[in-house]
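Peer 1: Model the structure of this input:
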Amino acid sequence: MNSLKLTVLAGPTAVGKGTISRRLIELHPEVYLSISATTRSPRENEQDGVHYHFLTLSDFNEKIENNEFLEWAIVHGVHKYGTLRDPIEQAIQDGHIPLLEIDLQGARILRETVPSAQFVFLSPPSFEELITRLGIRGTESYEDRMRRLNTAKEELASAHEFDHIIVNENIEDAVDELAKFMNL
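Peer 2: The predicted model follows:
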């Protein structure tokens, strides 16, 4: 797994990772977007196996024990998230280029376990813009937004750990820059 070539896209909450990833795949269907597993409950309109693999805590822990994750972490101090190994390996066998949309903790783990990966940090134009985007999204309670913004401060301070930084001022420009970085 150490010679695995994959791209890791990370950045703070509400920065647009999902939007950028979905648009990239529309333009470049050879890219396989990893679907993360999580112990959190689905939000309205989220589907299991499409947006996330929603797992019980005991199922998630069993997969940890069976070494079924490339990486996993507790995110925002609440829920476990992780990248399942088998779908990534299958995507590569099928000739796809894997893109992992994960959090900072997961990126740090992958930096150690898959050093051949390339790491991209998606940044907002400003912290104030991030606050606005998170509020507009409207999917979290006030307490959850505050917890996510506190995590975002740490994530933004870590941008220098990545191979490339993309500032998401405009979706199409950010997608183009990511595609160029991935040599698509």
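
Peer 1: which non-adjacent residue is nearest residue 46?
Peer 2: Leaving aside its sequence neighbours, residue 46 sits nearest to residue 52 (C-beta to C-beta, 6 or more residues apart in numbering; 6.7 Å). C-beta here means a position set from N, CA and C on the backbone, and glycine is covered the same way.

Peer 1: tally of neighbours for residue 30?
Peer 2: 11 (other C-beta atoms under 10 Å).

Peer 1: oh sorry, the question was meant for residue 76
Peer 2: Number of residues near residue 76 (other C-beta under 10 Å) recorded here: 16.

Peer 1: Numbering from 39 from now on, please.
Peer 2: All set: I'll call the first residue 39, so the last point we hit is now residue 114.

Peer 1: Please report the distance of it from residue 70.
Peer 2: Separation of residue 114 from residue 70 (C-beta to C-beta, to the nearest Å) stands at 26 Å.

Peer 1: hang on, isn't residue 193 packed against residue 49?
Peer 2: Yes - applying C-beta atoms under 8 Å as the test, residue 193 and residue 49 come out as touching, 6.7 Å apart.

Peer 1: the more surrounded of those two?
Peer 2: Counted by other C-beta under 10 Å, residue 193 and residue 49 do not tie: residue 49 has more neighbours, with 29 against 22.

Peer 1: which residues touch that one?
Peer 2: 55, 159-162, 193, 206 (C-beta atoms under 8 Å, 6 or more residues apart in numbering).

Peer 1: For it, which non-adjacent residue is closest in space?
Peer 2: Distance criterion C-beta to C-beta, 6+ apart; nearest residue to residue 49, sequence neighbours excluded, is residue 160 at 3.5 Å.

Peer 1: which ones are touching the one you found?
Peer 2: So residue 160 contacts 47-49, 53-55, 58, 204, 206, 212 (C-beta under 8 Å, 6+ apart).

Peer 1: Name the single longest helix found in this structure.
Peer 2: Of all segments of type helix in the chain, defined using DSSP state H, the longest is helix 180-195.

Peer 1: Remind me what that one packs against, helices and strands.
Peer 2: Contact here means 3 or more C-beta pairs under 8 Å, 6 or more residues apart in numbering; DSSP states H and E; on that basis helix 180-195 packs against helix 165-175.

Peer 1: pLDDT (mean, whole number) over the helix it packs on?
Peer 2: Taken as a whole, helix 165-175 has a mean pLDDT of 73.
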